[in-house]
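Undergrad: model the structure of this input:
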Amino acid sequence: MNILVRNLPKGVTENDLMQLFQKFGTIASLNIVTDKATGKSKGFGFVEMPENSEAATAIKALDGRLVRSLKIRVKAATQSKTPLPAKPAATRPERGETRAKQNVIKGKKRGSKTY
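TA: Have a look, this model is predicted:
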């Protein structure tokens, strides 16, 4: 079972997280999510435990536990069923293109005057 651990203090290491969860069973993997630019913890991580019963026991025991004066939140991680929508490619309009499109939308032709 994949477990989400949130509200981790910034100074908590993967070794600290390992010590918290080892008491409850086998750990297949774990990681603390870090900011790519700074390399600092984002305050959450994931722990993978192969045995669901051990994972459920760990979740029950650790959810709300104080770790370095912060209450951590522990729950089963779920994957989103719906994929995120794809972002359209960011392109800059050609000069004057935006105004021409706006005029077409309003029903005006370029260069025509309305009296």
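Undergrad: not counting sequence-adjacent ones, nearest residue to residue 63?
TA: Spatially, and ignoring its direct neighbours in sequence, residue 63 is nearest to residue 74 (4.3 Å; C-beta to C-beta, 6 or more residues apart in numbering). For the C-beta atoms, the positions are set from N, CA and C on the backbone; glycine is no exception.
Undergrad: could you do residue 66 as well?
TA: Closest residue in space to residue 66, ignoring its immediate chain neighbours: residue 72 at 7.9 Å, by C-beta to C-beta, 6+ apart.
Undergrad: where's that neighbour relative to residue 55, distance?
TA: When C-beta to C-beta, to the nearest Å is applied, the distance between residue 72 and residue 55 equals 15 Å.
Undergrad: from residue 60, how far out is residue 4?
TA: As defined by C-beta to C-beta, residue 4 lies at a distance of 14 Å from residue 60.
Undergrad: give me the more crowded residue out of those two.
TA: Neighbours per residue, other C-beta atoms under 10 Å: of residue 4 and residue 60, the larger number sits with residue 4, 15 against 11.
Undergrad: could you list the low-pLDDT ranges of this structure?
TA: 80-115 (pLDDT under 70).
Undergrad: the helices in the protein, which residues?
TA: Using DSSP state H, the helices found in the chain span residues 14-22, 52-62, 97-106.
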